[in-house]
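Enquirer: Structure for this input, please:
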Amino acid sequence: MRLTSLAVSAAIAAGLLAGCAGGNLNSTASSVPSAGGLESSHLVNGHFVPHWSRLASAVPAELRPFGAQRTLGRLVPDAVKKPGGIYASEFFGGIIDGYPLSNKNNKPPTCTLTATNPNDIAVDRRGDLIDPDGGSRTVIVYKGPRLCGAEVGSPIADPYGQPSDAASANAKTGEIVVGNIFDNSQTGGSISICTISGGCTANLTNANMYEVAGVALAKNGDCWADATNSGGTANLTYFKKCSGAGQTSTGFMNTYYGGLDIDKNGYLVSIDAFTPAVWIYKGCNPACIKIGGPFPLQGETIYGHLNQASTAFVAGDYADGVIDVYKYRRTGLAYQYSFNNGLVSSEDVEGAAYSPASKE
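Expert: Have a look, this model is predicted:
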């Protein structure tokens with residue numbers, strides 16, 4: 001596993017909460033520092049190395065001042081009365097917080113789950129939460145659609161690499177595709193094919209998949225990996241029926257890698273991290289047809305997901321330490337509001353997802 005430098009860690013940990021800035025359709029407002037700041041810190045030997053690829057043991061305790069002081073596993077009884085909501089994860093904080101579906105008033109989390117360096121988080125179409133737990137090298141499923149439900153089965157050990165993202169139509173009984181940023185052999189990343197009952201039994205690789213950020217799974221069983229190659233160029237790899245050697249998608253216009261989702265029309269929604277922006281594609285099996293984008297995001301974002309009706313998009317803005325909420329349509333994203341109650345900017349707000357997830 002390649003780790004980023006201490007200098008990069010310090011730059012991220014020293015980041016201050018920039019607050020919640022309002023915006024209009026396709027606003028480009030961002031508090032990310034220019035050259036020499038957070039954005040340029042991702043460049044290591046010519047590669048865009050994500051800070052979230054580090055193991056917890058590689059991060060000095062003084063750079064994680066809040067993690068050991070959190071009271072975790074709390075649950076507000078009223079929170080479970082209504083199903084659905086928004087999840088947010090912190091990489092260094094080691095938590096996944098649950099919030100109400102509408103949080104314009106910046107309410108605190110209604111429940112919290114413990115985690116070990118979660119990168120993205122995902123929710124299936126039933127509302128079950130999936131934690132691709134990077135620090136423990138496991139995949140953990142929690143019952144939904146009520147937030148912070150009980151664990152479903154035992155954590156799934158991922159023998160192939162460090163989980164960074166996941167996708168599933170039915171995590172309880174079906175396949176879970178898990179994106180590994182890097183494999184355990186310190187080679188390029190991969191996609192693990194896992195189930196709760198059988199564990200992780202297959203591993204999909206491709207020469208272009210060096211650093212894997214996002215994965216997506218279509219209802220017909222096809223899947224994709226959003227990655228950079230060994231030269232730092234973003235690319236998308238298509239796996240028909242989530243098997244085989246994969247094909248590099250043509251027409252993919254992203255500058256950087258990032259998270260993936262699929263909207264109710266079957267369009268692939270792709271985050272262009274560090275730009276930051278969202279692209280919408282049709283097909284990509286392997287030829288992509290651009291439907292829309294790039295639609296600018298408020299701050300630096302690696303991961304985000306759609307709601308059940310594909311009318312809203314929520315994103316983890318780690319540069320500002322907030323969760324950003326947008327109206328979603330294929331012609332653009334309209335920024336609505338941000339919230340940060342219960343989140344700590346220096347703990348790296350990474351993942352964001354609606355429960356239940358988009359129904360393709």
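Enquirer: Surely Gly293 and Ile280 touch.
Expert: Yes - with contacts counted by C-beta atoms under 8 Å, Gly293 reaches Ile280, the gap being 5.5 Å. No exception for glycine: its C-beta is placed from N, CA and C like everyone else's.
Enquirer: Please name the bridge partners of Thr112.
Expert: Counting by DSSP bridges, Thr112 is bridged to Asp97.
Enquirer: How confident is the prediction for it, by pLDDT?
Expert: Listed pLDDT for Thr112 reads 97.
Enquirer: go on, Glu360?
Expert: On pLDDT, Glu360 comes in at 82.
Enquirer: can you tell me how far it sits from Gly292?
Expert: Per C-beta to C-beta, to the nearest Å, Glu360 is found 17 Å from Gly292.
Enquirer: What of Ala115?
Expert: Applying C-beta to C-beta to Ala115 and Gly292 gives a distance of 33 Å.
Enquirer: Kindly report the same for Ser154.
Expert: Distance from Ser154 to Gly292, by C-beta to C-beta: 41 Å.
Enquirer: Between these two, which is the more surrounded one?
Expert: Using other C-beta atoms under 10 Å, the more surrounded residue of Ser154 and Gly292 is Gly292, with 17 against 11.
Enquirer: tell me the contacts of the residue nearest to Gly221 when sequence neighbours are not counted?
Expert: Spatially, and ignoring its direct neighbours in sequence, Gly221 is nearest to Lys241 (4.7 Å; C-beta to C-beta, 6 or more residues apart in numbering). Residues near Lys241 by C-beta atoms under 8 Å, 6 or more residues apart in numbering: Asn220, Gly221, Asp222.
Enquirer: Tell me the most packed of these, by neighbour count.
Expert: Counting neighbours by other C-beta under 10 Å, Asp222 comes out on top of the contacts of Lys241 with 17 neighbours.
Enquirer: is it true that that residue touches Tyr238?
Expert: Yes - the pair Asp222 and Tyr238 passes the contact test of C-beta under 8 Å, sitting 6.9 Å apart.
Enquirer: Please enumerate the shared neighbours of those two.
Expert: With C-beta under 8 Å, 6+ apart, Asp222 and Tyr238 have common neighbours Asn285.
Enquirer: Low-confidence stretches in the protein?
Expert: For the chain, applying pLDDT under 70 flags the ranges 1-82.
Enquirer: And the most centrally placed residue in it, how far from Asp165?
Expert: Using C-alpha atoms, centre = their mean, the residue of the chain that lies closest to the mean C-alpha position is Asp120, 2.8 Å off. As defined by C-beta to C-beta, Asp120 lies at a distance of 4 Å from Asp165.
Enquirer: Give me the common contacts of these two.
Expert: Joint contacts of Asp120 and Asp165 (C-beta under 8 Å, 6+ apart) are Pro132, Gly214, Gly259, Tyr303.
Enquirer: Dump these to TSV, plus secondary structure, neighbour count and distance to Ile271.
Expert: Supplementary listing: the shared contacts of Asp120 and Asp165 in TSV, determined by DSSP: H, G, I helix; E, B strand; the rest coil; neighbours: other C-beta atoms under 10 Å; distance: C-beta to C-beta, whole Å:
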residue	secondary structure	neighbour count	distance to Ile271
Pro132	strand	32	16
Gly214	strand	27	7
Gly259	coil	32	5
Tyr303	strand	29	7
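Enquirer: Tell me where the stretch 251-360 of the chain has strands.
Expert: All strands of the stretch 251-360 of the chain, identified by DSSP state E, counting those that start in this stretch, fall at 260-262, 268-272, 277-283, 288-296, 301-306, 312-317, 322-329, 332-339, 349-355.
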